[in-house]
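**Student:** sequence and predicted structure, then a few things I'm wondering about:
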2 protein chains.
Amino acid sequence: MSWHISSKALDQDQLLVDESLFAQGNGYLGIRGNFEEGYAADMTTIRGAYLNAFHDVVPIEYGEKLFGFPDTQQKLVNNIDVQSIRIIIDGDDFSLFQGEILDFERFLYMKDGYSERRIHWKSPAGKEVSIHFYRMISFTDKELFVQWIDIEPISQVQEIEIVSTVDGDVSNFVEASDPRVASGHAKRLHVTDVQDKGPYMQVSDETEVSKLKVSATTWVSASREALKESRSSFEGKVEERRTFSGEGSLRYEKRSVYTDTYRHESSPSEAGFELAKRLSAVSLDELIRGQRAYLNRFWQTSDIRIAGDDKLQEGIRFNLYQLLQSVGKEPTSNISAKGLSGEGYEGHYFWDTEIYMYPPFLMTDPEIAKNLLLHRFSLLDAARERAKEMGHRQGALFPWRTISGGECSAFFPAGSAQYHISADIAYSFIQYYLTTGDEVFLADYGAELLVETARLWIDTGHMKDGRFRIDDVTGPDEYTCIVNNNYYTNSMAKHNLEWAVKAMALVEERHPTVYKNLAARLAVTDDELKAFREASESMYYPYSDSHRIHAQDDTFLNKQVWDIEGTPKEEFPLLLHYHPLTLYRYQVCKQADTVLSHFLLEDEADEETIRRSYDYYEQVTTHDSSLSFCVFSIMAAKLGYEKKAYEYFSETARLDLDNTHKNTKDGLHMANMGGTWLALVSGFGGMRVKETGLHFAPRLPEAWDSLSFQIQYQGRVIALDIGRDKTVYTLTEGDVINMYHHGKLFTLTEQQTLLHA
Amino acid sequence: MSWHISSKALDQDQLLVDESLFAQGNGYLGIRGNFEEGYAADMTTIRGAYLNAFHDVVPIEYGEKLFGFPDTQQKLVNNIDVQSIRIIIDGDDFSLFQGEILDFERFLYMKDGYSERRIHWKSPAGKEVSIHFYRMISFTDKELFVQWIDIEPISQVQEIEIVSTVDGDVSNFVEASDPRVASGHAKRLHVTDVQDKGPYMQVSDETEVSKLKVSATTWVSASREALKESRSSFEGKVEERRTFSGEGSLRYEKRSVYTDTYRHESSPSEAGFELAKRLSAVSLDELIRGQRAYLNRFWQTSDIRIAGDDKLQEGIRFNLYQLLQSVGKEPTSNISAKGLSGEGYEGHYFWDTEIYMYPPFLMTDPEIAKNLLLHRFSLLDAARERAKEMGHRQGALFPWRTISGGECSAFFPAGSAQYHISADIAYSFIQYYLTTGDEVFLADYGAELLVETARLWIDTGHMKDGRFRIDDVTGPDEYTCIVNNNYYTNSMAKHNLEWAVKAMALVEERHPTVYKNLAARLAVTDDELKAFREASESMYYPYSDSHRIHAQDDTFLNKQVWDIEGTPKEEFPLLLHYHPLTLYRYQVCKQADTVLSHFLLEDEADEETIRRSYDYYEQVTTHDSSLSFCVFSIMAAKLGYEKKAYEYFSETARLDLDNTHKNTKDGLHMANMGGTWLALVSGFGGMRVKETGLHFAPRLPEAWDSLSFQIQYQGRVIALDIGRDKTVYTLTEGDVINMYHHGKLFTLTEQQTLLHA
């Protein structure tokens, strides 16, 4: 149970959602769960194939363009379409929108890594067939997409004709009314070449401006000889047509490989043919076995099991699986806000990576986490440039949204102004060091990134009356923009500054030669490090004496409180119904802001302050962002608000499966999926990774019988089995370790059972 | 002296500037000072004719469009071109960019209301001619544009051919790099009809989206019979060609009338022919005399004379003259930021009208002032709509920039967020009442506008701890956006609220029937008026105990101070060199903000606070806006900073003549021109109109021998002749009046001489 999802939907709205839910991918290639044969002519589909980071550059239009507004943005390109397969049963085109559907259901198998569509269909002419479509994107051969179809005639069938196409004439999806979806510049890819070479059909495209090249190479095979076979190419499209006798069962297989400039630099076209040749020799069985083996390893390290709620268990696994499908596994790419499941947010990378999606990889597969860091590091020079463009004399300012390093935000108050992303990235480097203990990585990458981001804070903030203040930035809460001394930003900047000093000290002590070169190259002086320390130590936090909480910013608590209760349900999310200025004028939060800082940096405030803060901000938060629930779940768990912790968690686990945010059609909410993991491990598990070591504070929701997971920490693998009153810690790999259970140090040698509180 | 401006420039840059400086207009029609014959082929010109308020609707593009962002904006349309006249001297086209220029100078005569271009030219073939071009836009027949040319052959000339065209195929000017100029949507007018009817040639156009119609009807005449005469029409263009013998002097005359949907509703085309017929019968002499008579009256009421500085005197008169040329004299139009002299800011009306350009009309020609108020009043319903769109439950929010009432701002932080415009408009209605004593206008228009704007403040602000606060608005200073409790906004809102109550009380007392209807129609209750009073009385002003000044907003004084001295000169205006977010982060003002409130509402703070405030804000103000100098001049005069008052004033008087802001090519800085008047009358004259009456506090700058002007006040005309130590007040018209001289009440019966302090 709970190792697959399924759907029988054929209505327009749910089909679009299912395209995202049944999307498959491997972090390089992603293909939406479209139907091979398409829908009815008047229906909408977002037919999409995406290569992570494969983008074009499009102009940004402004009614009024001010200095420093980016001229262009990057845009994930909807790639060459290899999905299409037409099946013609005695002259009738198979479609789920004509003839009679005697049975239909689709499945995504998360242990096997492929999907299935089971259909029992009667054609308009009355011919009955059973058709099973399978599709799989390989985790072991990242370029490979395999489709196979089992056709079983039930009534008498004369002929089955199958037409496979590769279509290079593709466009992105457009929707004018939603700021979260692109509204123009749809046609980005242009066909440069169509080749028909032995068994292989290949279409090559190039993006309009960025001049990235991509080739899709396809070949088909079948379990029986065809009666007729032909090939033809049209404008930007190549097609293969086979006619089989209608007698007996038939397996038809179509394989495609995507090769591109980023990963097959010399020649995507040649690389495509070579790969096709190599992969032609591998049997389908072998491929399926390889996929299962890969996923077996994944679930061994990453599965989280709850006993007592199958629906939630399904949601948890689905989210973990989609994270794996979305994450770039090489330093050329990252994780888009929608993974590779749709075009929402144009395939951009946000802080979502560092704060929401990176932690599960860090704790279960540090190699993937390291790649994510390397990708950010590769954008450091661009961030230095962006800082200059924004008038800074020093430092690195990471773009709010980007693919290849340039700022892609067209609305700076809720975009570029979110300076905290630079501290968030710094935070992920610090967490990496604390979790892996990898000093070499710190010396080679981390220290430099920490120094450059620390420099940004020095240049952005200023010392006044002995306190270091940071004015005019936007915190995570996008309903309150351009504020002074946002608590989240200031606390994260403080951490960033503190760790720039620590990292340099650490590198100096352990790797003096590296230090010397680094300090020289970056021109770091003792005075500068002293300034970092001073800024960090005297960081200003706005505090309300009457509420005894940290204010979200200097003036947040002086504003009117939005009447959330009195706002009609259909007016949420507020951003689609109110002008931003109206929202800014009220105490109303789109998402966790101060409360998020209390999670990431819990030692910056005492528990009672954190409790009051949670109680206060919860009242003014709409959770219009999918990045909010998990944080409130984690903090509710910490504070002993068990019921709330559970309720918020429930919102995360099935947010996409139940389409609660109503826009899953544009792609999955990847940050929320990371949030599910966080809510389980850092929320109910109470995990924190700090300088003092590894902390857990497990508490089991009443509804469950147990919660089990494992994490990696400094070369060890530690499994937790959390029960009602006690937790069993098992050291599955690695050396004895001292760690914390509900604040108490203990030594884990092999296995240890500890009571809760 | 000082009754004209002149120029000999023929270089590209100055020619573009001269096109604005020599622009002519009458508030309805404006035509730039282009050359009839054009420039050399490779040169740039902004060839323009504009009808006030005649606009099209164009889409606004956004990279990221949020709720409430306007979809479209209005755009003043570059109108049908009637200027062109080619003169061919024995086969050579006359041009100032070929042949030999033996003499050239152009003039704008401000007493006569026409311009002249004097040329002595030798053609490439060596033919010498004297050519004088004249052009005049009639103040008495607003549709009429007259051009006449005197040609005098100096060497032997065989033939003079003259070609006049009317061209309906026109476009707006485009410049992508400057946010203050439009960057697209240039082609808005399309030719619908071309007629050749008796002596008249007519081209009719229509705007693309707003479907406004315009016709230009042109006819020509000459002092001598032509040898040949012909007419032809091309695409959207009609042309008349006459050939004259080269012997003796020749006067050639071209007249055109512009008629449009707004002013000639039934049929602009028919109205054009009728007007042409009527105006054909009027001799040129008569037209010139009529123009002079009109201007004579204007200068009698509006001239400001300084003795001792001809350059400044020239600047003052030029600015007054351009104000007259720009102001709409009927309730369908207002004054654009650039008047009718160019396309900068797309012909939009801003708060510039109420705070900078309206006061001179109010004090010299109240009928024009009243029209400006009626125009705003006509947009009240649109302002109510806009308030709703911005999430308000009540009130009227005037758009930051508009022509026909819809918000045209595409960047809300420095646009729609400037809520103060609603209070500024209210202020102008209050000033009108105080200056004219017109109770009927208050009852019919003023009270309603004051109530609706007061309602906006009630809905925007909120009471907290007994103080009324207004969060998240932008004050006049666009280098500090989206702030809480902007002193300027709060003080103007307070005034607005207070006067809504006063106006209603006044109307109730004097016009009880009108009051009853009004109160019923607007559903005004006593409770509501009480709430207005309470909000007004408890208005919160941020105040700094350490600086002992009002802070520009809640947190302005906590920010870093921008190093204005250390910023290279070429980096001004800062907005063209720094991202807005960077500017927001610093104490740096584009223009007067708190200091402006200290001028408009001087009794809200005591003089020493105002002095400290001036001293402080002056240090952090760049005057990157042309709306700044005059305010600092006025306040410097008030505070006795005589030298500064004079220096700031000098910047205003010749800002366009000397092109000190480097963008006069896009049109004249009309608000600054109003500012010149303000600096003279409210600055050196110390004039304030208050509930207590009319105040003057004259002080003469050391450089001058005297300053004289007159104003209208409650049915009186009062002339001031300010000398070194004393001022002579003369009551030229109207009843005895009690008024204030340097704070002391005195009674003016006929003439009175009072010493300065």
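**Tutor:** The structure has been received and is ready for your questions. Numbers count the residues shown, from 1 in each chain, chains lettered A, B, ... in the order given.
**Student:** neighbours of residue A:716, how many?
**Tutor:** 17 (other CB atoms under 10 Å in any protein chain shown). Placement of C-beta: from N, CA and C, glycine included.
**Student:** who's it bridged to?
**Tutor:** On the basis of DSSP bridges, residue A:716 is bridged to residue A:713.
**Student:** you'd agree it is up against residue A:729?
**Tutor:** No. Contact between residue A:716 and residue A:729 fails when scored by CB atoms under 8 Å: they sit 11.0 Å apart.
**Student:** hmm, who's touching the lowest-mean-pLDDT helix or strand in chain A?
**Tutor:** In chain A, no helix or strand scores lower on mean pLDDT, DSSP states H and E than strand A:228-234, which sits at a mean of 92. Residues from elsewhere that reach strand A:228-234, judged by CB atoms under 8 Å, 6 or more residues apart in numbering or on different chains: A:194, A:196, A:201, A:238, A:239, A:240, A:241, A:242, A:243.
**Student:** of those residues, which is the nearest to chain B?
**Tutor:** When those are ranked by distance to chain B (CB to the nearest CB), residue A:194 comes first, at 34.5 Å.
**Student:** confirm that closest one sits in a helix?
**Tutor:** No. Per DSSP: H, G, I helix; E, B strand; the rest coil, residue A:194 lies outside any helix segment and is strand.
**Student:** nearest residue to residue A:123 other than its sequence neighbours?
**Tutor:** residue A:92 (4.0 Å; CB to CB, 6 or more residues apart in numbering or on different chains).
**Student:** looking at the sheet around the one you found, what are its partners?
**Tutor:** On the basis of DSSP bridges, residue A:92 is bridged to residue A:89.
**Student:** pull the contacting residues for it.
**Tutor:** Residue A:92 neighbours (CB under 8 Å, 6+ apart): A:98, A:99, A:123, A:124, A:125, A:127.
**Student:** got a list of what residue A:497 touches?
**Tutor:** Counted by CB under 8 Å, 6+ apart, residue A:497 has contacts A:454, A:457, A:458, A:532, A:533, A:535, A:536, A:539.
**Student:** by neighbours, which of those residues wins?
**Tutor:** residue A:454 leads the contacts of residue A:497 on contacts (other CB under 10 Å) with 32 neighbours.
**Student:** what's the pLDDT at the residue nearest to it when sequence neighbours are not counted?
**Tutor:** Nearest residue to residue A:454, sequence neighbours excluded (CB to CB, 6+ apart): residue A:500, at 3.6 Å. We note a pLDDT of 98 for residue A:500 in this prediction.
**Student:** residues contacting residue A:500?
**Tutor:** A:426, A:447, A:450, A:451, A:453, A:454, A:529, A:532.
**Student:** now with 6 Å, please.
**Tutor:** Contacts for residue A:500 (CB atoms under 6 Å, 6 or more residues apart in numbering or on different chains) come out as A:450, A:451, A:454, A:532.
**Student:** can you count the residues close to residue A:158?
**Tutor:** 12.
**Student:** nope, residue A:265 is what I meant
**Tutor:** 10.
**Student:** do the one 10 residues further on as well
**Tutor:** Using other CB under 10 Å as the criterion, residue A:275 is surrounded by 19 other residues.
**Student:** give me phi/psi at it?
**Tutor:** phi -60, psi -40 (degrees, to the nearest 10).
**Student:** then the helix or strand where residue A:278 lies to CSV, C-alphas only?
**Tutor:** Taking DSSP states H and E as the definition, residue A:278 sits inside helix A:268-280. Provided in CSV are the C-alpha atoms of helix A:268-280 (Å, rounded to 0.1, in the frame of the first residue of the first chain):
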residue,chain,number,x,y,z
PRO,A,268,24.1,17.0,-28.9
SER,A,269,23.1,15.5,-32.2
GLU,A,270,26.1,13.1,-32.4
ALA,A,271,25.8,12.3,-28.7
GLY,A,272,22.1,11.5,-29.3
PHE,A,273,22.9,8.9,-32.0
GLU,A,274,25.7,7.4,-29.8
LEU,A,275,23.5,7.1,-26.8
ALA,A,276,20.6,5.7,-28.9
LYS,A,277,23.0,3.1,-30.2
ARG,A,278,24.2,2.1,-26.8
LEU,A,279,20.7,2.0,-25.2
SER,A,280,19.2,0.1,-28.1
